[in-house]
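K.L.:
Sequence plus predicted model, see below.
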Amino acid sequence: MVKLNLGSGQNPEPGFINVDKYDSFGPDVVWDLEEFPWPFETSSAEEIILRHVLEHLGATTACFLGIIKELYRISAPGARTTIHVPHPRSDAYWGDPTHVRPVTPQVLSLFSKKNNREWKALGWPNTPLATYIDVDFEMSGVSLNLTPRWSRQLNGGKITQDEMNFAIESHFNVVEEISLTLTAIK
């Protein structure tokens, strides 16, 4: 079993195979994650990290779905994939012209067969991507990193959690980063 830090860039992770498209920072493996198949065995990864990478990949739907399929293919049963991305309503997202796709919990929830079945039973129109491309990830964790201004307001008791939730849903620059954890169901 291996641990992979995909799109490692200038942030190599000790104990992981660090993979990047560019050899500028000396990754263990130089590979373009938009080229398939990836150079890893099926079901070989017990842990995968994508730290501020996924928002740079998959400008086309076919490419994005190919990335999700490869993540699933290389994941061992029960493997954990941790994804950190800028919140799509933040300057951190919009301020980088290389960001091609917002990644949210709602987007990644489409790759759960359990969710696909539940939505079908409820008659909801959510696209059953897990079923279409035969992958199955359960979201086992989501956390939001608030901007300092909003964090101070919440932690200082100046706003309630309900007010914070409203701000997150309706304002820009409330959340800087989303961290998501997926578990491969095989």
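P.N.:
Everything's here; your move.
K.L.:
hmm, who's touching stretch 123-136?
P.N.:
Outside of stretch 123-136, the residues within contact range by C-beta atoms under 8 Å, 6 or more residues apart in numbering are 65, 68-69, 71-72, 110-116, 119-120, 137, 184-186. All C-beta atoms are positioned from the backbone trio N, CA, C, and that covers glycine.
K.L.:
Mark which of those are buried, thanks.
P.N.:
Buried by 16 or more other C-beta atoms under 10 Å: 65, 68-69, 71-72, 110-113, 115-116, 119, 137, 184-185, out of those.
K.L.:
circling back to that earlier point, sitting in helices, which of the contacts of stretch 123-136 do you find?
P.N.:
The helices, defined by DSSP state H, take in Leu65, Ile68, Lys69, Leu71, Tyr72, Lys113, Lys114, Asn115, Asn116, Trp119, Lys120 from these.
K.L.:
Okay, now the sheet partners of the longest strand seen in the chain, with direction.
P.N.:
Secondary structure of the chain read by DSSP state E shows that its longest strand is strand 75-86. The strands beside strand 75-86 in its sheet (DSSP bridges) come out as strand 45-51 (parallel), strand 175-184 (antiparallel).
K.L.:
Would you mind identifying the next helix or strand past that strand?
P.N.:
helix 91-94 (DSSP states H and E).
K.L.:
That following helix: which residues count as buried?
P.N.:
So helix 91-94, judged by 16+ other C-beta under 10 Å, has buried residues Ala92, Tyr93.
K.L.:
Please apply the same query to stretch 119-134.
P.N.:
Result for stretch 119-134 [16+ other C-beta under 10 Å]: buried residues Trp119, Pro128, Leu129, Ala130, Thr131.
K.L.:
so what pLDDT did the nearest residue to Asp96 once chain neighbours are set aside get?
P.N.:
Leaving aside its chain neighbours, Asp96 sits nearest to Pro86 (7.8 Å; criterion: C-beta to C-beta, 6 or more residues apart in numbering). pLDDT, Pro86: 98.
K.L.:
residues in contact with Pro86?
P.N.:
Per C-beta under 8 Å, 6+ apart, neighbours of Pro86: His52, Glu55, Ala92, Tyr93, Asp96, His99, Glu176, Glu177, Ile178.
K.L.:
hang on, the first one packs against His87?
P.N.:
When you say that, I think you mean His52. No: the pair His52 / His87 is not scored as a contact, 11.8 Å apart, by C-beta atoms under 8 Å.
K.L.:
on that earlier part again, buried sites along the longest strand of the chain?
P.N.:
The neighbour-count check on strand 75-86 (16+ other C-beta under 10 Å) flags Ser75, Ala76, Ala79, Arg80, Thr81, Thr82, Ile83, His84, Val85, Pro86 as buried.
K.L.:
backbone phi and psi for the residue of the chain most remote from its centre, please?
P.N.:
Farthest-out residue of the chain from its mean C-alpha position, per C-alpha atoms, centre = their mean: Lys158, at 31.4 Å. Torsion angles at Lys158 (phi, psi; degrees, to the nearest 10) stand at phi -80, psi -20.
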